[in-house]
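The following comprises the amino acid sequence and a computationally predicted model.
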Amino acid sequence: MKKRVSLLLAAAMTLTALTGCSSGNDTTLVSKTPFPEFSEVDTEGNQVSSDIFADYDATIVNFWNNGCGTCIEEMPELEELYHQFQEQNINLIGVGTDSGEGEEQLETARNILTEKGVTYVNISPDPEGEFYKDFVSMNTLQASKNARALATENGASMAKAAQKTAQELISYVQGSGTLTRADAIYTLWLQEGSPKAKSAAMPFADVASGDYFYEAVLWAAENGIVSGVDAKTFSPDAPCTRAQAAVIAYRTAKSPAADAEGYLDVADTSYYAQAASWAKTAGAVSGETFGPNAACTKAQLDAFVTAAA
């Protein structure tokens, strides 16, 4: 499962992490929308594309600029973290947001990287390109919910934020991290090929159009995969239980027949009884107990997703 998960993380989404300067008061802006495909050059003129994510379970992307003293000061610490991350199959790359604005800016960026002993890749985006216009500009970075974004206020420790985020990513890709309801629906939606919903009417008041999981929830609600905690509430940030994850995977699989023996902790009348039985029939779980109220981990969701495919 790990290889498929790493491809999902690298090519599709979501657990790419961003660190960068922010002039606002928020210390974090977090979500998991797809990191855009791009083709740029690094500060040495080498071609770099989104394929750079493919060999790693996750990648932290550090946005910086020539005028950000905090960014520059912490580069040696980020360089040290970069080598530590490599041992855990997590990569770190940089984006010099103003390094592509002219030869003088590029030369300044090169000198900074050399002086600070930085060896990890630093992208120098074309300011006229779509990647820069749609994603790299500081206003977009601060306001967006792209990837797992960490926009740290000037003076805050980006290196510490990067280290904390890396640990979250490691837990997630290794399957020990717990999932939110939004995570679960989004992962299943990606597995299904990111289908478009026919309806534009979101039934849940707590899911906004800018949320990374908006399209996933809209599609899932339209197809009867989720019904929310009530008619108007989805509770995207609530932990996803094993029962809930099994049910959404079961419904995604079109609710197939299941004849596995029951569990000691699953009543025949429970809303998830058929889903739990299907999960055992499909080989996603085993044993005499199901643990319906336990928080679902990424590893368990992967098993459900595989069974539903």
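Thanks, I have it. Residues are numbered from 1 along each chain as shown.

can you give me the helices in the stretch 151-300 of the chain?
158-173, 181-191, 214-222, 242-252, 273-281, 298-308 (DSSP state H, counting those that start in this stretch).

Hmm, I typed the wrong one, I wanted the stretch 1-150 of the chain.
Using DSSP H, counting those that start in this stretch, helices in the stretch 1-150 of the chain cover 2-7, 69-73, 75-86, 103-115, 130-131, 138-143.

Nearest to residue 179 among those would be which one?
helix 2-7 (12.5 Å; CB to CB). Every residue, glycine included, has its C-beta placed from N, CA and C.

can you count the residues close to residue 236?
23 (other CB atoms under 10 Å).

mind putting the helices of the stretch 1-150 of the chain in TSV, mean pLDDT and mean neighbour count included?
Shown next, in TSV, are these (pLDDT from 0 to 100; neighbours: other CB atoms under 10 Å):
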stretch	mean pLDDT	mean neighbour count
helix 2-7	26	15
helix 69-73	83	17
helix 75-86	88	17
helix 103-115	97	15
helix 130-131	82	16
helix 138-143	44	14
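
Look up the pLDDT of the nearest residue to residue 274 once chain neighbours are set aside for me, please.
In space, and not counting its chain neighbours, residue 274 is closest to residue 258: 6.1 Å by CB to CB, 6 or more residues apart in numbering. At residue 258, the pLDDT value in this model is 85.

ok, now which ones touch residue 258?
Contacts for residue 258 were tallied using CB atoms under 8 Å, 6 or more residues apart in numbering; they are 274, 277-278, 280-282.

Recalculate using a threshold of 6 Å.
277-278, 281 (CB atoms under 6 Å, 6 or more residues apart in numbering).

Where does pLDDT dip in the stretch 1-150 of the chain?
1-36, 135-150 (pLDDT under 70).

Now with 90, please.
Along the stretch 1-150 of the chain, the parts satisfying pLDDT under 90 run over 1-38, 50-65, 67-74, 77-78, 81, 84-93, 95, 97, 130-150.

can you count the residues close to residue 270?
Neighbours of residue 270 using other CB under 10 Å come to 15.

Now do it, the pLDDT please.
94.

what about it, distance to residue 182?
23 Å (CB to CB, to the nearest Å).

on that earlier part again, which one of the contacts of residue 258 is nearest residue 106?
residue 278 (56.7 Å).

residue contacts, the closest one?
By CB under 6 Å, 6+ apart, the contact set of residue 278 is 250, 258.

what about it, distance to residue 101?
Distance from residue 278 to residue 101, by CB to CB: 56 Å.
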